[in-house]
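*Asks:* Based on what follows, work out the 3D shape:
(one chain, ligands or ions: 1)
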Amino acid sequence: MEYRKLGKTGLPVSALSLGSWVTFGNQIEDSMAEKLMDCAYHNGINFFDNAEAYARGKSEKVMGKIFKKMKWDRDSYLVSSKVFFGSKKESPLQKGLHRKHVMEACEQAIKRLNVDYLDLYFCHRPDPEVPIEETVWMMHTLVMQGKILYWGTSEWSADQITKAHTVAEKHHLVAPSMEQPQYNLLTRNRFEEEYAVLFARYGMGTTIWSPLASGMLSGKYLDAPADETRMSLENLKWLKERWLNNEVALQKVRNLKSIADELGITLAKMSIAWCLKNPNVSTVILGASKLEQLKENLTAMEAVPLLTEEVMKQIDQAVS
Ligand code: NDP
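*Replies:* Model (predicted):
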């Protein structure tokens, strides 16, 4: 496993990490979640990603039980949570980025995850209803209290992140260290263009999500139906609509598949290697519902040297 610094911080994070969206507490059995985490940890993954909203808090509970059972040294792994969507969604007090919810969501996540503090804590989306000063101050306070170590954003615009930095600088507060954006061969613009200024000016780290565009970039939907995959889940019809009814995206996947075939590797491996090749990516968060998927994805680093300048040009053409 390769370890990268989380942006300009001193924190070493494994270049591949494991996330729990859709899977933990929802699509897979807890016993499979345990196998996935055990396999990840023993292959050098040191970061596990979670959020209050995943399966409405259940994903954190499942992960917390596994941490407790595994008894891994707490100083040997990183765990995150994210605040915004809420885990209950009953009242406006129980979601958003106002001081009360940020503080309570953090305490609840710590409890569910069976840890004493969170390593990374993300604002899961921007909250236009709350002054940015309030959120930055609260995140700073949580760092000072030792409840979180690093805070960041997820799917904020470059302007919103810049505002957070400006507030932090003005009041000498801890600024966001990382952003969690979607980044994959089918979703590139924001990361590569809009965020360029954040990498140059603030040294932001990134923990990127959906490296396979929810499995699209494994190529499996080109010739098989979506049965028994996340695309067949009742509550994720919008995701199926976004990807499987998208002929432009499917054509790009076909083009990419021929490049992977020529290289003699799977498309999943090539797609993850392509993310790893970008130096602004601190860690690629993997998702998996089966052990074989995780094992395959863990080999992606081997494919990075195959992505020569020539191959990268072919890939750009394939998705342009
Ligand atoms: P991917 O895009 O890699 O999708 C993972 C899914 O693709 C798996 O669950 C599996 O689904 C399928 N898959 C994985 N590997 C293979 C393979 N080798 N061959 C065939 N199919 C495969 O990542 P996710 O979308 O899961 O995102 C990763 C993590 O990022 C999440 O768990 C979460 O922690 C984070 N995230 C953050 C978001 C944010 O807003 N901050 C939003 C979304 C994710 P299947 O069961 O269908 O086979």
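*Asks:* For the ligand, what is the nearest residue in the stretch 151-300 of the chain?
*Replies:* Here the stretch 151-300 of the chain gets closest to the ligand at one residue, Gly287, 2.0 Å apart by CB to the nearest ligand atom. (Each C-beta comes from the backbone N, C-alpha and C, glycine too.)
*Asks:* Tell me which stretches of this protein form strands.
*Replies:* Shown for the chain, the strands assigned by DSSP state E span residues 3-5, 12-14, 16-19, 47-49, 78-83, 118-123, 148-153, 178-179, 205-208, 283-286.
*Asks:* Please report the distance of Val22 from the ligand.
*Replies:* Remark: distance between Val22 and the ligand (CB to the nearest ligand atom, to the nearest Å) = 6 Å.
*Asks:* Quick check: chain neighbours aside, which residue is closest to that residue?
*Replies:* Of all residues not flanking Val22 in the chain, Arg230 sits nearest, at 5.1 Å (CB to CB, 6 or more residues apart in numbering).
*Asks:* what's the burial count for the closest residue to Arg99 other than its chain neighbours?
*Replies:* Nearest non-adjacent residue to Arg99, counting by CB to CB, 6+ apart: Met138, 4.8 Å away. By other CB atoms under 10 Å, 23 other residues sit near Met138.
*Asks:* can I assume Met138 is in contact with Met103?
*Replies:* Yes: proximity of Met138 to Met103 meets the contact threshold set by CB atoms under 8 Å, at 6.5 Å.
*Asks:* that older thread, give the contact list for the residue of the stretch 151-300 of the chain closest to the ligand.
*Replies:* Listed by CB atoms under 8 Å, 6 or more residues apart in numbering, the contact set of Gly287 reads Leu18, Gly19, Ser20, Trp21, Val22, Thr23, Ser210, Leu212, Ser214.
*Asks:* Which per-residue confidence value corresponds to it?
*Replies:* At Gly287, the model reports a pLDDT of 98.
*Asks:* which ones are touching the residue lying closest to Glu60 once chain neighbours are set aside?
*Replies:* The shortest distance from Glu60 to any non-neighbouring residue, by CB to CB, 6+ apart, is to Arg112 (3.8 Å). By CB under 8 Å, 6+ apart, the contact set of Arg112 is Gly57, Glu60, Lys61, Gly64.
*Asks:* And stretch 277-290, end to end?
*Replies:* Criterion CA to CA, to the nearest Å; first-to-last residue distance in stretch 277-290 is 25 Å.
*Asks:* Mind listing what's buried along it?
*Replies:* Buried positions in stretch 277-290, judged by neighbour count with 16 or more other CB atoms under 10 Å: Asn280, Val281, Ser282, Thr283, Val284, Ile285, Leu286, Gly287, Ala288, Ser289.
*Asks:* and that stretch, how far from the chain's centre?
*Replies:* Averaging C-alpha positions (CA atoms, centre = their mean, to the nearest Å) puts stretch 277-290 7 Å from its chain's average.
*Asks:* same question, stretch 289-304
*Replies:* When C-alpha coordinates are averaged (CA atoms, centre = their mean), stretch 289-304 and its chain have centres 16 Å apart.
*Asks:* got it, and stretch 165-172?
*Replies:* Distance, centroid of stretch 165-172 to centroid of chain: 26 Å (CA atoms, centre = their mean).
*Asks:* Please apply the same query to stretch 204-218.
*Replies:* 7 Å.
*Asks:* Residue nearest the middle of this protein, spatially speaking?
*Replies:* For the chain, the residue nearest the mean C-alpha position is Trp209 (3.6 Å; CA atoms, centre = their mean).
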